[in-house]
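Asker: got a predicted model here, sequence first, then my questions.
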Amino acid sequence: MLDKTFRVSLILKGLDGLLELVGGILLLLVSPAQIGAWVRLLTQHELSEDPHDLVATTLVHWAGTMTVSATLFGAIYLLLHGAVKVVLVWAVLKDKMWAYPWMIAFLMAFILYQSYELLVAFSWGLALLTAFDIFIVWLTWREYRAHRTRNANTPAGNAARQA
């Protein structure tokens, strides 16, 4: 059951990486003013019905405070994070042993960064993402240990230890 959960979680993490790549590309192609205009257009109906809607007002505020440098930082962050995630997920799904420790280290670095961000400005979305990342780290560590144990008990693994 955990093996299937591991594979499904990795696939979800890989899809998340693809979405981050698309988001990073969009941030490079779309100006902060265009983002603000789209957000206002998309939230206009909701705000006309409820001018105090938390989600809509937060989105409008967020879009109104975006700068070119913040957009560029967001694009670079999403592109790097997405690319590394896609490559590592692919490698782990292909059972490349080198990818397991890299996946764990990569996710741990982002868990630390996300934890800092949660302390600065709490967000349920980021809290859930961080919890999901922690779960994937645990599953990846478990799967890595299982692979190492299986490899150690094979004739090739025994020969390598004796050499």
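Answerer: That came in fine, so what should we check first?

Asker: tally of neighbours for N151?
Answerer: Residues lying near N151 (other C-beta atoms under 10 Å) number 13. Glycine gets a C-beta too; all of them are placed from N, C-alpha and C.

Asker: and I25, what is it in contact with?
Answerer: Counting by C-beta atoms under 8 Å, 6 or more residues apart in numbering, I25 touches 75, 79.

Asker: helix/strand/coil for it?
Answerer: helix (DSSP: H, G, I helix; E, B strand; the rest coil).

Asker: how about the helices in this structure?
Answerer: Using DSSP state H, the helices assigned to the chain run over residues 2-29, 32-49, 54-64, 68-93, 99-120, 124-152, 155-162.

Asker: looking at this structure, which helix or strand is least sure?
Answerer: None of the helices or strands of the chain scores lower by mean pLDDT, DSSP states H and E than helix 155-162, at a mean of 53.

Asker: contacts for stretch 99-118?
Answerer: Residues from elsewhere that reach stretch 99-118 (C-beta under 8 Å, 6+ apart): 81, 84-85, 88-89, 91-92, 123, 126-127, 129-130, 133-134, 136-137, 140-141, 143-144, 147.

Asker: while we're on G64, how confident is the model there?
Answerer: G64 carries a pLDDT value of 86.

Asker: check the one 10 residues further on too.
Answerer: pLDDT, the model's per-residue confidence, is 87 for G74.

Asker: now for it: which residues touch it?
Answerer: Neighbour list for G74: 24, 27 [criterion: C-beta under 8 Å, 6+ apart].

Asker: do the same with the one 5 residues further on
Answerer: Shown in contact with L79 (C-beta under 8 Å, 6+ apart): 20-21, 24-25, 28.

Asker: if we use 6 Å, what do you get?
Answerer: Neighbour list for L79: G24 [criterion: C-beta atoms under 6 Å, 6 or more residues apart in numbering].
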